[in-house]
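1. Return atomic coordinates for the entry below.
(chains A and B)
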There are 2 protein chains.
Amino acid sequence: MNNNRRKFIKSSLSLGAMGMMLPSQITASVAKPEPNISTQILKPEVLFFDINETILDLEPLKKSVNTLLKSNDLGTLWFSTMLQYSFVTSLSNQYFDFGKIGVSALQMVADTNNINITEEQAQNVVKHILNLKPHPDVKEGLQLLKNAGYKMVSFTNSSNFGVQQQLKNASINEFFDDSISVEDFGKFKPDMNVYQWAARKMKTPNNKCLLVAAHGWDIAGALWADWQGAFLRRPGQTLFPLAPKPHFDKANLLELAQELVGLK
Amino acid sequence: MNNNRRKFIKSSLSLGAMGMMLPSQITASVAKPEPNISTQILKPEVLFFDINETILDLEPLKKSVNTLLKSNDLGTLWFSTMLQYSFVTSLSNQYFDFGKIGVSALQMVADTNNINITEEQAQNVVKHILNLKPHPDVKEGLQLLKNAGYKMVSFTNSSNFGVQQQLKNASINEFFDDSISVEDFGKFKPDMNVYQWAARKMKTPNNKCLLVAAHGWDIAGALWADWQGAFLRRPGQTLFPLAPKPHFDKANLLELAQELVGLK
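-> As a prediction, this is how the structure comes out:
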């Protein structure tokens, strides 16, 4: 019995005891080996950049939420709730502006914590999302990739208007060849169809698209859509253990850019 | 200009200033009036009960998570993350056991808060989900509905094995005529197709199905799938402001049962 087989049986038994594993998952875990990073990286043709948290620092926005809600950490629960309800709308074949979902999520977090806020207060805080600063490594990283001739596209759950404001206010719009908002498709990432639509829009095969993102769910969605994935370990972010491993796993954009520039 | 039209223009302008509303949403908000509760309730043919948090009290489980993570509130973020990643898998056409996603979510919350836990510790805490107690109003509420002749079905994101253990350990399995787990369909609620599959399984038109649930996302999903919705205001729970209003909005199951028993 080889090592992998032994490990697989051990893992199945321990999960089986909790009644938490299906035959189909067991098959899947045997049939799909983890990608071997050293052999599977193809030089990507288009780099797609997630914007919120990946490129722009969300901390000041989360702090504004904390200040409004007089809390130390509800800002994190707010952004998680905003994401959760954007996913809910896509699962229900509905679409609302991401900022509008953000306002609703803020009202919900306030409500469930017995804090009174007005809709206007929620809107005033959430609109700070339009004025975020890039992380300190971003401009140098984008410049390196631009100099190396990569085609670069922003690809975000923000609306078209939202992302245009964000990139302009952060003084990084000059780095991007194009800007794709899920608004034009009507589904949020990580709906698989959104990635595949964006790839078609850029006339690029899925496996030559690279998503650069700081969220485990976005990387998981991209990999399951047959894209390449580059995870940036922004503070407070981690990968989803049940998804395949990404092709790149870096501390910041500068480190990623240095590796991408070296690809032939 | 009538009042509704005036309110609509005011609301469009304030949201428009944030660049957060689409023409399609404006149309939708005009075209779809809120359901008029007094005229639209049809006596439901089948009552579908969400289980976790709606019927069974999750607080002891969240407290176990807090104890493991030495925190006052990460239990809430953990359950939110668990839900978020169950939605992610459905959006990506993947499926994993809900308990397994719970273990992964717990590892992620620990990781992003720089807390070291083993996979075994995470599994040992998450498996307490199989041994939750019903909220104090549940047995009397279920008994009233059973006596009134309603067909009653559990409908949960837990696995088949999981929900069977949950209902048995809570001594409430006798109340249910059937048990539907999303495991058999391979998509989590609130994927619209799951509700419609469950309705077909029970040979009931969507608008004669009533979902009883304590989560805003579940009620929103059911309403968008043309079901009826009954929201129970369990502690820490609230409705999604962008979804239609549910047909019933009650403090607990006993209050809901008293109203349902009176329907002709």
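
2. Going by C-alpha atoms from here, please, whenever you check contacts or count neighbours.
-> Will do.

3. how many neighbours does A:Asn124 have?
-> 13 (other CA atoms under 10 Å in any protein chain shown).

4. whoops, A:Thr118 was the one
-> 10.

5. how's chain A carved up into domains?
-> A:39-56+A:132-261, A:59-130 (automatic domain parsing).

6. Could you export those as TSV, including distance to B:Gln237 and mean pLDDT?
-> TSV is the format used below for the domains of chain A (distance: least, CA to CA, whole Å; pLDDT from 0 to 100):
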stretch	distance to B:Gln237	mean pLDDT
domain A:39-56+A:132-261	24	96
domain A:59-130	6	96
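
7. Would you format these as CSV with distance to B:Leu144 included?
-> Below are the domains of chain A laid out as CSV (distance: least, CA to CA, whole Å):
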stretch, distance to B:Leu144
domain A:39-56+A:132-261, 41
domain A:59-130, 29
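
8. okay, these in JSON lines with distance to chain B next?
-> Listed next are these as JSON lines, based on distance: least, CA to the nearest CA, whole Å:
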{"stretch": "domain A:39-56+A:132-261", "distance to chain B": "5"}
{"stretch": "domain A:59-130", "distance to chain B": "5"}
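
9. what's the closest of the ones you listed to B:Lys63?
-> domain A:59-130 (16.9 Å; CA to CA).

10. quick one: terminal-to-terminal distance for that closest one?
-> 13 Å (CA to CA, to the nearest Å).

11. Also stretch A:228-243?
-> 13 Å.

12. from the middle of its chain, how far away would it be?
-> Offset of stretch A:228-243 from its chain centre (CA atoms, centre = their mean, to the nearest Å): 8 Å.

13. With stretch A:227-245 instead?
-> That offset, for stretch A:227-245, works out to 8 Å (CA atoms, centre = their mean).

14. ok, now how distant is the residue nearest to A:Ile51 when sequence neighbours are not counted from B:Gln228?
-> Distance criterion CA to CA, 6 or more residues apart in numbering or on different chains; nearest residue to A:Ile51, sequence neighbours excluded, is A:Thr156 at 5.9 Å. A:Thr156 sits 34 Å away from B:Gln228, going by CA to CA.

15. now the helices for chain A?
-> A:3-16, A:23-31, A:37-40, A:59-69, A:74-91, A:98-112, A:119-126, A:138-147, A:160-169, A:192-201, A:216-224, A:253-261 (DSSP state H).

16. Nearest to B:Val194 among the domains of chain A would be which one?
-> domain A:59-130 (10.0 Å).

17. residues contacting A:Ser80?
-> Contact partners of A:Ser80, counting by CA atoms under 8 Å, 6 or more residues apart in numbering or on different chains, are B:Ser80, B:Thr81, B:Gln84.

18. between the residues you listed, which is closest to B:Lys62?
-> B:Ser80 (10.9 Å).

19. Could you give the number of residues near A:Thr54?
-> Should you count by other CA under 10 Å, A:Thr54 turns out to have 23 residues around it.

20. Pretty sure it sits against A:Pro235.
-> No: applying CA atoms under 8 Å, one finds A:Thr54 not in contact with A:Pro235, separated by 10.2 Å.

21. what's stretch A:236-245 in contact with?
-> A:34-35, A:214-217, A:219-220, A:223-224, A:231, B:101, B:104-105, B:108, B:111-113.

22. hang on, I meant stretch A:135-154
-> Counting by CA under 8 Å, 6+ apart, A:45-51, A:55-57, A:172, A:175-181, A:252-258, A:260-261 sit against stretch A:135-154.

23. how long is it end to end?
-> First-to-last residue span, stretch A:135-154, CA to CA: 16 Å.

24. what about stretch A:210-217, distance to the chain center?
-> Worked out by CA atoms, centre = their mean, stretch A:210-217 lies 4 Å from the chain centre.

25. And for stretch A:99-106?
-> Using CA atoms, centre = their mean, the offset of stretch A:99-106 from its chain centre is 18 Å.

26. Next: stretch A:177-195.
-> 12 Å.

27. and A:Gly262, how many residues sit next to it?
-> Residues near A:Gly262, counting by other CA under 10 Å: 9.

28. Sort out which residues of stretch A:183-190 are buried, please.
-> Using 16 or more other CA atoms under 10 Å in any protein chain shown as the test for burial, stretch A:183-190 gives A:Glu183, A:Gly186, A:Lys187, A:Phe188, A:Lys189, A:Pro190.

29. With adjacent residues omitted, what lies nearest to A:Leu263?
-> A:Lys43 (6.2 Å).

30. For the one you found, give me its contacts.
-> Per CA under 8 Å, 6+ apart, neighbours of A:Lys43: A:Lys208, A:Leu260, A:Leu263, A:Lys264.

31. Using a markdown table, lay out the residues you listed together with neighbour count.
-> Formatted as a markdown table, the contacts of A:Lys43 follow (neighbours: other CA atoms under 10 Å in any protein chain shown):
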| residue | neighbour count |
| --- | --- |
| A:Lys208 | 18 |
| A:Leu260 | 17 |
| A:Leu263 | 10 |
| A:Lys264 | 6 |
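
32. Between those, which sits nearest B:Trp197?
-> So of the contacts of A:Lys43, ranked by how close each gets to B:Trp197 (CA to CA), first place is A:Lys208, at 36.3 Å.

33. can I assume that closest one is in contact with A:Trp227?
-> Yes: counting by CA under 8 Å, A:Lys208 sits close enough to A:Trp227 to count as a contact (6.9 Å).

34. What is the burial count for A:Lys151?
-> Neighbours of A:Lys151 using other CA under 10 Å come to 17.

35. how close does it sit to A:Leu47?
-> 6 Å.

36. show me the contacts for the residue nearest to A:Trp224 when sequence neighbours are not counted.
-> Among residues not flanking A:Trp224 along the chain, B:Ser92 sits closest, at 6.3 Å (CA to CA, 6+ apart). Counting by CA under 8 Å, 6+ apart, B:Ser92 touches A:Pro190, A:Asp191, A:Met192, A:Gly221, A:Trp224, A:Ala225.

37. again with A:Phe176
-> A:Lys151, A:Met152, A:Val153, A:Ser154.

38. Give me the neighbour count for the last one.
-> One way to gauge burial is a neighbour count; for A:Ser154, by other CA under 10 Å, it gives 23.

39. who's it bridged to?
-> A:Phe49, A:Ser179 (DSSP bridges).

40. what residues are up against A:Gly216?
-> With CA under 8 Å, 6+ apart, A:Gly216 has these contacts: A:Phe231, A:Gln237, A:Thr238, A:Leu239, A:Phe240.

41. Roughly how far does the fourth one sit from B:Leu145?
-> Read it as A:Leu239. 44 Å.

42. So A:Pro246 is in contact with A:Ala230, correct?
-> Yes: using CA under 8 Å, A:Pro246 makes contact with A:Ala230 at a distance of 6.0 Å.

43. Show me which of these two is the more surrounded one.
-> A:Ala230 (25 against 22).

44. Quick check: the more buried one vs A:Ala214, distance?
-> Taken as CA to CA, the span from A:Ala230 to A:Ala214 is 8 Å.

45. try A:Asp111
-> For A:Asp111 relative to A:Ala214 (CA to CA), the value is 29 Å.

46. of those two, who's got more company?
-> Neighbour totals were compared for A:Asp111 and A:Ala214, and A:Ala214 leads with 29 against 16 (other CA under 10 Å).

47. which residues touch A:Asn160?
-> A:Ile180, A:Ser181, A:Glu183.

48. repeat that with 6 Å
-> Going by CA atoms under 6 Å, 6 or more residues apart in numbering or on different chains, A:Asn160 touches A:Ser181.

49. do the same with A:Ser181
-> With CA under 6 Å, 6+ apart, A:Ser181 has these contacts: A:Phe155, A:Thr156, A:Ser159, A:Asn160.

50. Try it again at 7 Å.
-> A:Phe155, A:Thr156, A:Asn157, A:Ser158, A:Ser159, A:Asn160 (CA atoms under 7 Å, 6 or more residues apart in numbering or on different chains).
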